[in-house]
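Student: Prediction below, plus the sequence it came from.
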Amino acid sequence: MSYFSPIYFAFFLPIVALLYSVVPKKAKPYVLLGSSYTFFWMLSGKLLAYLLFSTVSIHHFGLWLDKIQTEKKAAVKLLPREERKPLKMKYDKRQNGILALAVIVHIGLLLVLKYSPFFAVNVNNLLEALKFDFRMTEPNFMIPIGISFYTLQGVSYMTDVRRRVIKADTNLPRLALFMGFFPQIMEGPIVRYNDTAVSLFEGKKIEYKNFVFGVERIAYGMLKKIVVADRLNDFVTSVFDNYQKYDGGIIALVAIAYTCQLYMDFSGAMDVVIGSAEIFGVTLPENFRQPFFSKSISDFWSRWHITLGTWFKDYIFYPLSLSKGLKKVTAFGRKHLGNHFGPLLAGSIALFCVWLCNGLWHGSAWMYIFFGMYHFVLILSANICEPMFKKIADVLHIDRNHGPYVIFRMVKTSILVAIGELFFRAHGLAEGLKMFKKIFTDFTFSGITSGKVDKAGLDICDFAIVMVVVLIVFIIGILREKGIAVREELSKKNIVIRWVILLALIFFVIIFGAYGAGYTPVEPMYADF
């Protein structure tokens with residue numbers, strides 16, 4: 001079962017909403033908790049044990065940290081002011097040790113399950129190259145759905161307890177619902193405890209506005225996923241699986257098509273997730289903000305998978321940047337390189353770690369590491385060259401934030417993103433490099449015009465339907481960029497107009513959705529990450 005299966009939107013979600021509506025307020029959170037664990041069990045079966053272990057363990061670590069903080073506060077009060085600092089440092093050291101243990105346990109489990117096969121394969125390749133007879137056993141673990149998402153949520157919770165941003169939750173069911181809420185367990189967004197824990201357990205009534213807004217958001221997500229992303233799948237799969245048969249023109253086209261597919265799939269899933277939560281009065285953080293209106297790669301990643309980016313920023317980039325070692329590097333850099341280039345020394349080290357983790361988070365393969373390093377180089381290069389770009393723009397009297405230059409920057413960014421996604425989707429780094437090379441050494445339009453695209457799974461009707469939906473999404477994106485809340489504006493219209501638009505959207509999905517004969521069912525793409 002996925003968010004786009006008939007079982008979910010025709011049976012599971014309505015049954016949960018109905019049951020949630022009829023039980024008393026105190027029981028409503030437990031309906032959500034029971035439904036979430038049922039959903040997880042339907043996806044991963046006995047691997048539910050991993051989620052249970054993580055939840056109970058994280059709850060215990062949080063209470064342990066909170067207990068030490070309480071002891072510290074009481075002990076410090078009993079001492080004269082001049083004797084408090086050594087005691088505070090002692091307690092802080094204990095808390096740091098506990099947090100380190102908690103992170104090692106949970107990130108370690110994630111690393112073992114997801115990355116030990118990759119490690120074993122590469123070690124064996126190295127041993128073979130060095131002519132050693134010994135070989136490591138290559139494990140093949142069963143991995144529960146969503147482990148990357150709920151593990152990062154758990155780490156953020158424990159870190160925030162340590163930082164005293166939040167109090168440890170003594171209510172295990174509430175923490176369990178925060179960790180395993182069914183709409184977000186498969187693909188995120190990666191929420192913080194303060195985002196949802198309280199609202200999830202409030203037991204709010206299902207209100208008419210929330211219900212309608214939720215259904216609208218779900219229908220919009222299905223439009224992106226089922227009509228566009230799934231329709232592009234056969235073409236994308238065919239070309240990436242047999243790229244040797246196609247020229248550089250089709251390779252370039254498939255890079256754009258895959259970028260579109262990935263966006264429509266993932267953002268469509270987020271629409272369904274956020275809409276599902278909205279029905280129950282729960283507001284999940286947005287994970288996308290019109291990323292293809294970005295003017296730079298850095299801007300793009302502040303708009304794409306926002307919750308992952310902010311997680312890396314808050315729990316990796318800033319802690320590294322503000323560490324004693326990198327503070328010294330920054331001071332050295334400012335002294336010898338100036339106020340612009342100096343901080344880039346330490347910043348580039350932290351940025352490298354972020355993008356290495358970002359690449360590995362998506363999967364255990366060299367192409368994912370390359371994907372991370374590709375974006376690291378682009379962002380670092382832009383930071384280094386920023387003064388030069390500014391001077392050139394000033395000399396040429398170019399306003400970098402208005403007019404044709406903005407369009408140029410958006411197109412350039414989108415092309416760079418599509419190149420990155422080409423490597424992301426290719427069957428290995430070597431294959432990605434070969435495909436990229438063909439774009440420059442074998443580029444023609446003849447493959448596109450000769451019918452090869454049609455034979456690869458994208459005929460003229462499919463292309464027309466995709467373009468119609470892309471245009472709709474583009475127009476809505478423009479409105480959002482202008483600060484117009486589309487659903488709020490729609491809610492002000494006559495009820496007949498509102499429901500005609502909603503039903504038209506639903507029927508468009510039913511009629512033009514890529515399902516049934518001739519189409520291969522496609523699971524949500526980010527569920528694998």
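Tutor: Yes, it's here.

Student: Tell me where the stretch 401-529 of the chain has helices.
Tutor: For the stretch 401-529 of the chain, the helices defined by DSSP state H, counting those that start in this stretch occupy 404-425, 429-441, 446-449, 452-455, 460-481, 486-491, 495-512.

Student: pLDDT averaged over the fourth one, what's the number?
Tutor: The predicted model assigns helix 452-455 a mean pLDDT of 82.

Student: again with the first one
Tutor: Here the mean pLDDT over helix 404-425 is 94, rounded to a whole number.

Student: just to revisit the earlier point, out of the helices of the stretch 401-529 of the chain, nearest to S156?
Tutor: S156 lies closest, by CB to CB, to one member of those: helix 404-425, at 25.2 Å. (C-beta placed from N, C-alpha, C; glycine too.)

Student: Identify each buried residue in the closest one, please.
Tutor: Neighbour counts over helix 404-425 (16 or more other CB atoms under 10 Å) mark 409-410, 413-414, 416-425 as buried.

Student: Check stretch 125-140 too.
Tutor: Buried residues in stretch 125-140, counting neighbours by 16+ other CB under 10 Å, are absent.

Student: where's it relative to the chain centroid, distance-wise?
Tutor: In this view, stretch 125-140 has its centroid 34 Å away from the chain centroid, taken as CA atoms, centre = their mean, to the nearest Å.

Student: Kindly check the end-to-end length of stretch 483-503 for me.
Tutor: 25 Å (CA to CA, to the nearest Å).

Student: roughly how far is that stretch from the heart of the chain?
Tutor: Relative to where its chain is centred, stretch 483-503 has its mean C-alpha point 29 Å off (CA atoms, centre = their mean).

Student: Go through it and flag the buried ones.
Tutor: Applying 16+ other CB under 10 Å to stretch 483-503 flags R498, L502 as buried.

Student: mean confidence for that stretch?
Tutor: In the prediction, stretch 483-503 has an average pLDDT of 91.

Student: in the stretch 251-400 of the chain, which spans are strands?
Tutor: Shown for the stretch 251-400 of the chain, no strands are assigned by DSSP state E, counting those that start in this stretch.

Student: quick one, what contacts I250?
Tutor: Residues in contact with I250, defined by CB atoms under 8 Å, 6 or more residues apart in numbering, are V239, G447, I448, K452, V453, A456.

Student: got a markdown table for the residues you listed, with neighbour count and distance to E83 too?
Tutor: Output for the contacts of I250, formatted as a markdown table (neighbours: other CB atoms under 10 Å; distance: CB to CB, whole Å):
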| residue | neighbour count | distance to E83 |
| --- | --- | --- |
| V239 | 25 | 70 |
| G447 | 20 | 78 |
| I448 | 16 | 77 |
| K452 | 18 | 79 |
| V453 | 24 | 76 |
| A456 | 23 | 75 |
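
Student: Farthest pair within the residues you listed?
Tutor: The span of the contacts of I250, defined through CB to CB, is set by V239 and I448 at 11.5 Å.

Student: Show me how far the longest helix along the chain is from its chain's centre.
Tutor: In the chain, taking DSSP state H as the definition, the longest helix is helix 84-129. In terms of CA atoms, centre = their mean, the centre of helix 84-129 is set 23 Å apart from its chain centre.

Student: elements contacting it?
Tutor: Applying 3 or more CB pairs under 8 Å, 6 or more residues apart in numbering; DSSP states H and E, one finds that helix 84-129 makes contact with helix 48-77, helix 147-162.

Student: Which among those helices is found nearest to T283?
Tutor: In terms of CB to CB, the element of the helices and strands packed on helix 84-129 nearest to T283 is helix 147-162, at 16.1 Å.

Student: quick one, the helix or strand that that closest one is followed by and helix 147-162 angle?
Tutor: Per DSSP states H and E, the first helix or strand lying C-terminal to helix 147-162 is helix 172-180. Taking axes from the mean of the first three to the mean of the last three CA atoms, to 10 degrees, one finds helix 172-180 and helix 147-162 inclined to each other by 130 degrees.

Student: pLDDT of the following helix or strand past helix 172-180, averaged?
Tutor: Of the helices and strands lying after helix 172-180 in sequence (DSSP H and E), the nearest is helix 193-200. The average pLDDT within helix 193-200 is 93.

Student: M264 is in contact with A229, correct?
Tutor: Yes. Counting by CB atoms under 8 Å, A229 does reach M264; the two are 4.1 Å apart.

Student: what's the helix or strand bottoming out on mean pLDDT in the chain in contact with?
Tutor: In the chain, the helix or strand scored least confidently by mean pLDDT, DSSP states H and E is helix 446-449, which has a mean of 80. Helix 446-449 is touched from outside by Y246, D247, G249, I250, L253, V453, with contacts defined as CB under 8 Å, 6+ apart.

Student: So the closest residue to A102 other than its chain neighbours versus L33, what's the distance?
Tutor: Counting by CB to CB, 6 or more residues apart in numbering, A102 lies nearest to F61, which is 4.1 Å off, once chain neighbours are set aside. Applying CB to CB, to the nearest Å, the value for F61 to L33 is 20 Å.

Student: In terms of neighbours, single out the busier of those two.
Tutor: Counted by other CB atoms under 10 Å, F61 and L33 do not tie: F61 has more neighbours, with 23 against 20.

Student: which ones are touching that one?
Tutor: By CB under 8 Å, 6+ apart, the contact list for F61 reads I98, L99, L101, A102, M158.

Student: And L380, by the same measure?
Tutor: Counting by CB under 8 Å, 6+ apart, L380 touches L344, S348, L351.

Student: give the contact list for the nearest residue to F149 once chain neighbours are set aside.
Tutor: Nearest residue to F149, sequence neighbours excluded (CB to CB, 6+ apart): G188, at 4.8 Å. Taking CB under 8 Å, 6+ apart, we find G188 in contact with F149, M270, V273, N287, H305, T307, L308, Y526.

Student: Could you check how many residues crowd around the last one?
Tutor: Residue neighbour count, defined by other CB under 10 Å, stands at 20 for Y526.

Student: Next: the fifth one.
Tutor: Under the neighbour criterion other CB under 10 Å, H305 is assigned a count of 25.

Student: That one and V354, how far apart?
Tutor: From H305 across to V354, the span is 13 Å (CB to CB).

Student: and what of A527?
Tutor: In terms of CB to CB, A527 sits 23 Å off from V354.

Student: When these two are compared, which one has more neighbours?
Tutor: Between A527 and V354, counted using other CB under 10 Å, the more crowded position is V354 (22 against 18).

Student: doesn't F312 make contact with that one?
Tutor: Yes. Counting by CB under 8 Å, V354 touches F312, with 4.7 Å between them.

Student: dump the residue contacts of V468.
Tutor: So V468 contacts nothing (CB under 8 Å, 6+ apart).

Student: List the contacts of N140.
Tutor: Listed by CB under 8 Å, 6+ apart, the contact set of N140 reads P117.

Student: so what's the backbone phi/psi at it?
Tutor: Per-residue torsions, N140: phi -140, psi 80 (degrees, to the nearest 10).
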